[in-house]
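Participant: Just a sequence and a predicted model for now, questions to come.
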Amino acid sequence: MKRILCFIDSLGAGGAQRQLVNLAIGLKKRDYIVSFLVYHVDDFYLPILQENGIEISNLEIDCHLKRVIRCCKFIRKGKFDVVISFLETPSFISEIAGLPFHRWKIIVGERSAAPRIVKTIRGRCYRLFHLLADVVVANSNCNRLLVKKANPFLSINKNKTIYNLYDLDSLSPDQFIRNKVEDGKFHILVAASHQRLKNLSGLAKAISLLAKQERSRLVIDWYGRQDKKCFEESLSLIKQLGVEDNFKFYVATLEIYQKMIDADAVGIFSIYEGLSNTICEAMCLGKIVITTDISDNRLILQNDKLISDAHSPKSIAVSLSYLLSLSIDKLNTIGRENRKRAIQLFSERFVVDQYMALFD
């Protein structure tokens, strides 16, 4: 049976880490011998890997050069059949570890749609090293095209799109009981840190453009880490626009799936972003989603009226107004359709099958 190494910076609570852990568990279920390599101590996902019998090696070294050399030696001496790496630095290390030749498959994952991939020298340089990989897997078509733009020498056959993997059994509306807030309001949940790219200011401006009756019905329940300066600037704008009653802010919570179930809809209003875990998870839970036109959102949601231009508060306001006009039956219908598409696109079996096809 093939030996698979999953390589990432740490086991911290990030989106890329969550996806690689999910993939590793899915491959383990197919009887592959799966192990993990990290170089920073952050053990958020360690218990999950241990529960599934997946071995973890940590090569934490303060010196960056020594760390790269140690990781390269580990990969070359590990007798692995496949090395799968996520994020820039692990992907770079796994690629140069294959020099001057290698007998194992090198698969690197691209998870970001940040403009710096194309606009900065560092971003372009990292993508040039993808020529040393056997396959480059993006988690959205938008990201795949961005990588191709950063490295025009990358062949089409080497550049693939495979969506994120989710446990559709646990992420099922049947696993939760909805605790709807009976306050006569329409609650949209946003799960995002307070960075400028998450576009809280654009959302606030959009809400200020709504009719008074619409505005009186709407509440944004925002869960996420608060960057002090950016958050305070947004709060100041919200007060200036007179939409304080439309926002409630909470710290990040491990109970976010239950919070999604309790909400009337889930929203993401980012200026740019890779394939959003929040959107995919909301679809798995059968929730209606309102979002901006980033990544593959338009393709996977297939509902243009709920997709807006992140740079246009008026466009966001039009989508919000449409959402508020929908009947309960229509909301439930769209939610069920989202769940069906999630089963088609994000199921463990479908995603793992696509990765397995790359191993031969």
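Facilitator: It's in.
Participant: Average pLDDT for stretch 127-142, rounded please.
Facilitator: The predicted model gives stretch 127-142 an average pLDDT of 96.
Participant: neighbouring contacts of that stretch?
Facilitator: Residues external to stretch 127-142 that are found in contact with it (C-beta atoms under 8 Å, 6 or more residues apart in numbering): 19, 91-92, 94-96, 98-99, 105-111, 113, 117, 144, 146-147, 150-151, 153-154, 158-164, 274-275, 294-296, 299, 355, 358. Glycine gets a C-beta too; all of them are placed from N, C-alpha and C.
Participant: Give me the pLDDT value at residue 227.
Facilitator: Residue 227 carries a pLDDT value of 68.
Participant: Give me the buried subset of the contacts of stretch 127-142.
Facilitator: Among these, those classed as buried by 16 or more other C-beta atoms under 10 Å are 19, 91-92, 94-95, 98, 105-111, 113, 117, 144, 146-147, 150-151, 154, 159-164, 274-275, 294-296, 355.
Participant: In the stretch 1-150 of the chain, where is pLDDT below threshold?
Facilitator: Within the stretch 1-150 of the chain, no stretch falls below the threshold (pLDDT under 70).
Participant: what secondary structure does residue 254 sit in?
Facilitator: Classification of residue 254 using DSSP: H, G, I helix; E, B strand; the rest coil returns coil.
Participant: Next one: it from residue 238, what distance?
Facilitator: According to C-beta to C-beta, to the nearest Å, residue 254 stands 27 Å off from residue 238.
Participant: who's more crowded, those two?
Facilitator: Neighbour totals were compared for residue 254 and residue 238, and residue 238 leads with 23 against 7 (other C-beta atoms under 10 Å).
Participant: so that one is in which element?
Facilitator: Using DSSP states H and E, the element containing residue 238 is helix 228-241.
Participant: Residues in contact with that helix: which ones?
Facilitator: Contact with helix 228-241 is made by 194-196, 200-201, 204-205, 207-208, 244, 247, as judged by C-beta under 8 Å, 6+ apart.
Participant: Which of those residues sits closest to residue 221?
Facilitator: Among the contacts of helix 228-241, residue 247 lies closest to residue 221 (C-beta to C-beta), at 8.4 Å.
Participant: Quick check: the closest one vs residue 235, distance?
Facilitator: Distance from residue 247 to residue 235, counting by C-beta to C-beta: 9 Å.
Participant: Check residue 61 too.
Facilitator: 42 Å.
Participant: Looking at those two, which is more packed in?
Facilitator: Neighbours were counted for residue 61 and for residue 235 using other C-beta under 10 Å; residue 235 has more, 17 against 14.
Participant: And the contacts of stretch 163-181?
Facilitator: Outside stretch 163-181, the residues that reach it (C-beta under 8 Å, 6+ apart) are 19, 22-23, 26, 139-140, 187, 257-258, 261-262, 264, 275, 277, 280-281, 284-286, 296, 300, 339, 342-343, 345-348, 351-352.
Participant: quick check: mean pLDDT across it?
Facilitator: Averaging pLDDT along stretch 163-181 gives 88.
Participant: What of stretch 297-309?
Facilitator: On average, the pLDDT along stretch 297-309 is 96.
Participant: what's that stretch in contact with?
Facilitator: Applying C-beta under 8 Å, 6+ apart, the external contacts of stretch 297-309 come out as 141, 163, 268-269, 276, 279-280, 283, 288-293, 315-316, 318-319, 322-323, 334, 337-338, 341, 345.
Participant: would you turn the contacts of helix 228-241 into JSON lines with distance to residue 304?
Facilitator: Below are the contacts of helix 228-241 laid out as JSON lines (distance: C-beta to C-beta, whole Å):
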{"residue": "194", "distance to residue 304": "28"}
{"residue": "195", "distance to residue 304": "27"}
{"residue": "196", "distance to residue 304": "26"}
{"residue": "200", "distance to residue 304": "24"}
{"residue": "201", "distance to residue 304": "24"}
{"residue": "204", "distance to residue 304": "24"}
{"residue": "205", "distance to residue 304": "21"}
{"residue": "207", "distance to residue 304": "21"}
{"residue": "208", "distance to residue 304": "24"}
{"residue": "244", "distance to residue 304": "31"}
{"residue": "247", "distance to residue 304": "26"}
